[in-house]
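Novice: Sharing a model prediction with you, sequence too.
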Amino acid sequence: MRQVMLHPGKSGYWVAECPSLPGSISQGKTKEDAIHNIREAIEGYILALREDGLTVPFPI
């Protein structure tokens, strides 16, 4: 499980970030949308690291 930070963005959308995966940021119209989108971003991030033979950072 990874920590996700959720906060309101300037455009009225919710922003979600995963601190243990630098650059993994997503957003959504609702909190639920943002959480769903960051989960997909995290999965894609980890898959790309594994495909490139890179180490997956340990969850914070």
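Specialist: On my side now, so go ahead.
Novice: Ignoring the adjacent residues along the chain, who's closest to D33?
Specialist: W14 (7.1 Å; C-beta to C-beta, 6 or more residues apart in numbering). Placement of C-beta: from N, CA and C, glycine included.
Novice: didn't that neighbour look like it was pressed against I25?
Specialist: No. When contacts are counted by C-beta atoms under 8 Å, W14 is not listed as touching I25 (11.4 Å).
Novice: The two: which has the busier surroundings?
Specialist: Shown here are W14 and I25; by other C-beta atoms under 10 Å, W14 has more neighbours (20 against 16).
Novice: per-residue pLDDT, the more buried one?
Specialist: With respect to pLDDT, W14 scores 98.
Novice: same question, Y45
Specialist: Per-residue pLDDT puts Y45 at 96.
Novice: With the one 10 residues further on instead?
Specialist: You'll see T55 listed with a pLDDT of 94.
Novice: Report the contact partners of it.
Specialist: Counting by C-beta atoms under 8 Å, 6 or more residues apart in numbering, T55 touches L49.
Novice: how close does it get to C18?
Specialist: Using C-beta to C-beta, to the nearest Å, T55 is found at 16 Å from C18.
Novice: and S11, what pLDDT?
Specialist: Per-residue confidence (pLDDT) for S11: 89.
Novice: hang on, it in a helix?
Specialist: No. Assignment of S11 by DSSP: H, G, I helix; E, B strand; the rest coil gives coil, placing it outside any helix.
Novice: For burial, what's the neighbour tally of the residue nearest to I60 when sequence neighbours are not counted?
Specialist: Of all residues not flanking I60 in the chain, S20 sits nearest, at 4.4 Å (C-beta to C-beta, 6+ apart). For S20, the count of nearby residues is 15 (other C-beta under 10 Å).
Novice: That's all I had, so thanks and see you.
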